[in-house]
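Need the 3D shape of this:
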Amino acid sequence: MEATAHSKDRGPQESEKERLDRNLQELLGELRVALPGVQVLFAFLLVVPFNQRFADITSFQRTTYFVTLLLATAASACLIAPSAHHRIEFRAQDKKRIIFAANRLAIVGLVLLACAMTGAVTFVTDFLYRSLTVAIVAGLVALLFTLLWFAWPVKRLLDKR
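Presented below is the predicted three-dimensional model:
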């Protein structure tokens, strides 16, 4: 058997079309993981105002709730947009542009989702405690998302250079 040419740690060489197809499948798989989270959060946020105690919330809680609802809406739009773009443009023979645009939208959607989840935790924590605990918990949640979702992979990218 002939030896297959290998690229640096990526297995057999793949054509541009194969690479784009693989990139698209990986991106869609990743979106399938993120979408349920944003959908559950969005559904939760949609029913909160119908709770009897919602009328008793503070101005800070009302603002936090509304901003969080808008962030979850924007995250949903960004995370679902790649599927819509692909469906509309898939016959345009411009898969590379679709994938790069979808990647940007996915990253923006994840940033918005992290912000929305932090907002939801802030809202609930303020409802329960209304104290310094709110700032500490919100800060820790934001730090958790920043480190795990963004700083760690960016650091790895920079280390490879």
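
gap between residue 137 and residue 157?
Here the criterion is Cβ to Cβ, to the nearest Å. By it, residue 137 lies 30 Å from residue 157. From N, CA and C alone the C-beta is placed, and that goes for glycine too.

Those two: which has the busier surroundings?
For residue 137 and residue 157, the more surrounded residue by other Cβ atoms under 10 Å is residue 137, and the numbers stand at 18 against 9.

give me the element the more buried one is part of.
Counting by DSSP states H and E, the element that carries residue 137 is helix 132-145.

which element follows that helix toward the C-terminus?
Using DSSP H and E, the helix or strand that directly follows helix 132-145 along the chain is helix 152-160.

Can you point out the buried residues in that next one?
By neighbour count, with 16 or more other Cβ atoms under 10 Å as the criterion, helix 152-160 contains no buried position.

Quick one: mean pLDDT for that helix?
Mean pLDDT, taken over the full extent of helix 152-160, equals 91.

and that helix, how far from the chain's centre?
Helix 152-160 has its average C-alpha position 19 Å from the chain's average C-alpha position, going by Cα atoms, centre = their mean, to the nearest Å.

Output the helix holding residue 137 in PDB with nothing but the alpha carbons.
Once side chains and other backbone atoms are set aside, the C-alpha atoms of helix 132-145 remain, and they are given as PDB (Å, rounded to 0.1, in the frame of the first residue of the first chain):
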ATOM      1  CA  LEU A 132     -23.100  41.800  48.000                       C
ATOM      2  CA  THR A 133     -23.700  38.200  47.200                       C
ATOM      3  CA  VAL A 134     -25.200  39.300  43.900                       C
ATOM      4  CA  ALA A 135     -22.000  41.100  42.700                       C
ATOM      5  CA  ILE A 136     -19.800  38.200  43.900                       C
ATOM      6  CA  VAL A 137     -21.900  35.500  42.200                       C
ATOM      7  CA  ALA A 138     -22.400  37.500  39.000                       C
ATOM      8  CA  GLY A 139     -18.700  38.200  38.800                       C
ATOM      9  CA  LEU A 140     -17.800  34.600  39.400                       C
ATOM     10  CA  VAL A 141     -20.200  33.400  36.700                       C
ATOM     11  CA  ALA A 142     -18.900  35.900  34.200                       C
ATOM     12  CA  LEU A 143     -15.400  34.900  35.000                       C
ATOM     13  CA  LEU A 144     -16.300  31.200  34.600                       C
ATOM     14  CA  PHE A 145     -17.600  31.800  31.100                       C
END
